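**Student:** my questions concern the predicted model and sequence given below.
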Amino acid sequence: MLIQNRAGLLSINAHKLSSAVELEVPRFSKRAVERAGKVLRGQITAVDAAALDAFEVAHNWRNAHVLPMRRLRAELSHRANRTNPASITAGRLKRMRSIRRKLHRLPYTLYQMQDIAGCRAIVPTIGDLRHVVASYEAGSKHERIGDDDYLAAPKRGGYRSHHQVFRFLGLGEEEAFRHQLVEVQVRTQLQHAWATAVEAVGLVRGEELKSGEGDADWLRFFALMSGEFAAEERAAMVPGVPEQPAHRREEVRELDARLNAVASLSSYRHLIQETERFASGPGSIFIIQYRPGQHEVAIRGFDSFATGSRRYEQEERTQGSGTDTVLVEVDRAADLRSAYPNYYLDVGMFLERVRDCIAGRPRPEASVVPSPALPRARWAPIDMSWWRNRPKR
């Protein structure tokens, strides 16, 4: 049964989720969401009524992406694990600080933003990635409205992955969420190691390296290393990066000497204090908080997204300068470090590749052997017994 209370929460039979949960639904019109985005795009110098209203609308709009995100992640997990059981998937809601930064940088509205909710699959090989992406060609329960292949056309800074955007198509009691968009990313472990290192260095330096902002030498260093990984995976080269391995590696050596990059990356694993003692709470929903001043990672677990979302908002309002907080969902607590190693400053895999590059040690090219043919069925049958057996109002 679906019941909406004054706070805009739905008690909903969340099919394929762990149990019936409370989920926030959109409470404001498209125009109100767009107006809130305009306020958040600008400089907020005082916490006045207009700012408070804008944040209330924006938080509601973001929280209303929870159910669509979880549905899309379940579908992604099915595809990724069917391809390779060693795959890991995770979901997250975008930080309000990142939402505001993106609104300021790009021309679209808060209502049009496509990655407020995101799911990610990390698969072992490039062949696995291509198989997972190809599986969506057989159809999805949701409407695909965007496709960005950053393997065929890497970003100039070196980012490589495959992105798709889906419009959630909810039926029955889930129809309230039909305007929500979810970004689905698929990346290899090698691509994940690169992206993790970019974010980890950005966290320590207090720079948005992943957005192309910060020290020019570090940005060039990461672009070159992405070129190394692209060559290993036999994929398109990063724009502006030498095709010839010798030229690429010589430039990496020069930048390492200038940045002391290997030593810096090596020191990161000793910066973070033991995180397990900060973990508390049940469930597969977690807030991860990186505290730069203390070089700590604090983790808190929640048994519902509603509870986690409320704490997420509270942390965003009160956290200190530089503190980085994100609300995520994984299948197991043990997957947190693999899915979000940047918060642990875990750059081990990336560092190993940098050392190989500097030493000129050749690496075998990544396997691109095609995965087994996809089954003929477009999708597994959907269990609708929860709908047929729902309590009558």
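**Tutor:** Looks like it arrived, so ask away.
**Student:** and for the helix or strand hosting Ala230, what are the contacting residues?
**Tutor:** Under the criterion of DSSP states H and E, Ala230 resides in helix 216-232. Contact partners of helix 216-232, identified using CB atoms under 8 Å, 6 or more residues apart in numbering, comprise 154, 156-160, 190-191, 194, 197-198, 201, 205, 207, 209, 212, 236-238, 240-242, 245, 248-249, 251-252, 255-256, 258-259, 261, 350, 353-354, 357, 363, 365-366. Any C-beta I mention is one placed from the backbone N, CA and C, and that applies to glycine too.
**Student:** type out the ChimeraX command that picks the buried ones from these.
**Tutor:** The ChimeraX command for the buried members of the contacts of helix 216-232 (criterion: 16 or more other CB atoms under 10 Å) is given here:
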select :154,157,158,159,160,190,191,194,197,198,201,209,238,241,248,249,251,252,255,256,259,261,350,353,354,357,366
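**Student:** narrow the contacts of helix 216-232 to those in helices?
**Tutor:** Secondary structure assignment by DSSP state H places 190-191, 194, 197-198, 201, 205, 245, 248-249, 251-252, 255-256, 258-259, 261, 350, 353-354, 357 of these in helices.
**Student:** need the helices for the stretch 1-150 of the chain, in chain order.
**Tutor:** Applying DSSP state H, counting those that start in this stretch to the stretch 1-150 of the chain gives helices spanning 30-41, 49-63, 66-83, 96-105, 126-135.
**Student:** turn those into a markdown table, including mean neighbour count.
**Tutor:** As requested, the helices of the stretch 1-150 of the chain are arranged in a markdown table below (neighbours: other CB atoms under 10 Å):
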| stretch | mean neighbour count |
| --- | --- |
| helix 30-41 | 18 |
| helix 49-63 | 19 |
| helix 66-83 | 23 |
| helix 96-105 | 16 |
| helix 126-135 | 22 |
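**Student:** can I get the ones you listed in JSON lines with mean pLDDT and distance to Phe177?
**Tutor:** Formatted as JSON lines, those follow (pLDDT from 0 to 100; distance: least, CB to CB, whole Å):
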{"stretch": "helix 30-41", "mean pLDDT": "95", "distance to Phe177": "14"}
{"stretch": "helix 49-63", "mean pLDDT": "92", "distance to Phe177": "11"}
{"stretch": "helix 66-83", "mean pLDDT": "95", "distance to Phe177": "5"}
{"stretch": "helix 96-105", "mean pLDDT": "91", "distance to Phe177": "18"}
{"stretch": "helix 126-135", "mean pLDDT": "96", "distance to Phe177": "24"}
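**Student:** closest one to Glu183 among the ones you listed?
**Tutor:** With CB to CB, the closest approach to Glu183 among the helices of the stretch 1-150 of the chain belongs to helix 66-83: 8.8 Å.
**Student:** only C-alpha atoms, please: export that closest one in CSV.
**Tutor:** The C-alpha coordinates for helix 66-83 follow below in CSV (Å, rounded to 0.1, in the frame of the first residue of the first chain):
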residue,chain,number,x,y,z
VAL,A,66,16.5,7.1,-4.6
LEU,A,67,14.0,4.5,-5.9
PRO,A,68,14.9,5.0,-9.6
MET,A,69,18.6,4.6,-8.7
ARG,A,70,18.1,1.4,-6.8
ARG,A,71,16.0,-0.1,-9.6
LEU,A,72,18.6,0.8,-12.3
ARG,A,73,21.4,-0.5,-10.1
ALA,A,74,19.5,-3.8,-9.6
GLU,A,75,19.3,-4.1,-13.4
LEU,A,76,22.9,-3.2,-13.9
SER,A,77,24.0,-5.7,-11.2
HIS,A,78,22.1,-8.5,-13.0
ARG,A,79,23.9,-7.7,-16.3
ALA,A,80,27.3,-7.2,-14.8
ASN,A,81,27.3,-10.3,-12.6
ARG,A,82,25.9,-12.4,-15.4
THR,A,83,28.9,-11.3,-17.5
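**Student:** next, the angle helix 126-135 makes with the helix holding Ala230.
**Tutor:** Relative orientation of helix 216-232 and helix 126-135, computed by axes from the mean of the first three to the mean of the last three CA atoms, to 10 degrees: 80 degrees.
**Student:** buried sites along helix 216-232?
**Tutor:** In terms of neighbour count (16+ other CB under 10 Å), helix 216-232 has its buried residues at 218-232.
**Student:** next one: that helix to chain centre, how far?
**Tutor:** Distance of helix 216-232 from its chain centroid, counting by CA atoms, centre = their mean, to the nearest Å, is 21 Å.
**Student:** how far off helix 245-259 does that helix point, in degrees?
**Tutor:** Using the same axes, to 10 degrees: helix 216-232 against helix 245-259 is 150 degrees.
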